[in-house]
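Asker: Quick one: sequence plus predicted model below, questions after.
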Amino acid sequence: MRLTPARVAEERDWVADRADAVVPIVNDVRDELGATFDTDVAHVTEAQYLEEVDAVFADGDLAVNVAAMVAILRDLDVDGDYPGFIVDEILGRELAATIAGTQPLRTLGEATFHYADVNVHGSSEENAGVDDLEAALAAGFQERIPGWPWTERDSPFAVDPTRR
């Protein structure tokens, strides 16, 4: 695979064009996790998703890494699928974490990937890696987008920098 600025832009467009598939996954995950943790989590709109896609791909160093993982997962197919189970899980988890950002969102992105992946199944016409890709995009971007009550408040663990 060769990554050029044009290829990164192509992968960005593919990710943006998948909004109609990814946003419903994000909202299903938020509904299910919200119920599990007894909290209300705001749904994500396609506009919010696209805004975050733009933010990820505007950071060139981040964009090239995200584009590479997207391209690999888009192309990944293994006869019988199961033998390729590990590689698409590793790539999906890492893509979700990379998109999500720094800790603790990075780890939450990884965990959410596994949760989303259980419920995302691609069509028989698509390569095996595409459903993992959609689950990874949903997990990573849902961490970046506000809506979880705990991210809407100041942390009680922040230490005042003027404290001495």
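Answerer: Yep, that arrived. Numbers count the residues shown, from 1 in each chain.
Asker: State the distance from V23 to E110.
Answerer: 20 Å (CB to CB, to the nearest Å). Every residue, glycine included, has its C-beta placed from N, CA and C.
Asker: Can you list the buried residues in the helix or strand harbouring V23?
Answerer: Taking DSSP states H and E as the definition, one finds V23 inside helix 19-36. Residues of helix 19-36 classed as buried by neighbour count (16 or more other CB atoms under 10 Å): A19, A21, V22, V23, I25, V26, N27, V29, R30, L33, G34.
Asker: following it, which helix or strand shows up next?
Answerer: helix 46-58.
Asker: I'd like the average pLDDT over that next one.
Answerer: Averaging pLDDT along helix 46-58 yields 98.
Asker: Restrict the following helix or strand past that helix to CA atoms and write it as CSV.
Answerer: Following helix 46-58 in sequence order, the next helix or strand is helix 60-75 (DSSP H and E). This file holds the C-alpha atoms of helix 60-75, laid out as CSV (Å, rounded to 0.1, in the frame of the first residue of the first chain):
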residue,chain,number,x,y,z
GLY,A,60,-2.1,15.3,9.1
ASP,A,61,-0.1,13.0,11.5
LEU,A,62,-3.3,11.5,12.8
ALA,A,63,-4.9,11.4,9.4
VAL,A,64,-2.2,9.3,7.7
ASN,A,65,-2.4,6.7,10.5
VAL,A,66,-6.2,6.6,10.5
ALA,A,67,-6.3,6.4,6.7
ALA,A,68,-3.8,3.5,6.7
MET,A,69,-5.9,1.4,9.1
VAL,A,70,-9.1,2.3,7.2
ALA,A,71,-7.5,1.2,3.9
ILE,A,72,-6.3,-2.1,5.4
LEU,A,73,-9.7,-2.9,6.9
ARG,A,74,-11.5,-2.0,3.7
ASP,A,75,-9.3,-4.4,1.8
